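Asks: please find the sequence and the predicted model below.
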Amino acid sequence: MKLQAECDVECYRNYFLVKFYLSDGTFRKFEMSDGSPPINLDALRATMYEFELVTFNGIDYDVPMIAAALMGFNCSQLKDCSDGIIQQNLRHWQFYRQFGVQELVGLQHVDIMEV
């Protein structure tokens, strides 16, 4: 059984953050802002698959947003994605289709909103 990590995403027009709260009390964060170096996509992808993720509404928000970040979307593009999810009430399958984002397959994920 994999260790669990709580995962959360914050997104603004000029800032994007993915933070993982690990069961040992530590955390990992991946952030970017306008003018900063890009996120280490390999490390972010590895973290996504290293743990069993625990989210609130991660199926329809956090995981799709991270999938877009892993495709190299910048802060402004990610904000457009976030607005699409929130303002249009997009479900994950609609999001992937509308924004041309490739779904992450094989994640171990618990969405406490769905429980």
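Replies: Cool, got the structure. Residues are numbered from 1 along each chain as shown.
Asks: just checking, what packs against the longest helix seen in the chain?
Replies: If you go by DSSP state H, the chain has its longest helix at helix 75-88. Other helices and strands packing on helix 75-88, by 3 or more C-beta pairs under 8 Å, 6 or more residues apart in numbering; DSSP states H and E, are strand 4-12, strand 15-22, helix 62-70, helix 92-99. Any C-beta I mention is one placed from the backbone N, CA and C, and that applies to glycine too.
Asks: how about a markdown table for these, with mean neighbour count and mean pLDDT added?
Replies: Shown next, in a markdown table, are the helices and strands packed on helix 75-88 (neighbours: other C-beta atoms under 10 Å; pLDDT from 0 to 100):
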| stretch | mean neighbour count | mean pLDDT |
| --- | --- | --- |
| strand 4-12 | 18 | 97 |
| strand 15-22 | 18 | 97 |
| helix 62-70 | 23 | 98 |
| helix 92-99 | 16 | 96 |
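Asks: of all these, which lies closest to E50?
Replies: Of all the helices and strands packed on helix 75-88, strand 4-12 sits nearest to E50, with 7.9 Å by C-beta to C-beta.
Asks: outside of that closest one, which residues touch it?
Replies: Residues outside strand 4-12 that contact it (C-beta atoms under 8 Å, 6 or more residues apart in numbering): 16-23, 28, 47, 50-56, 58, 61-62, 65-66, 75, 78-79, 81-82, 110.
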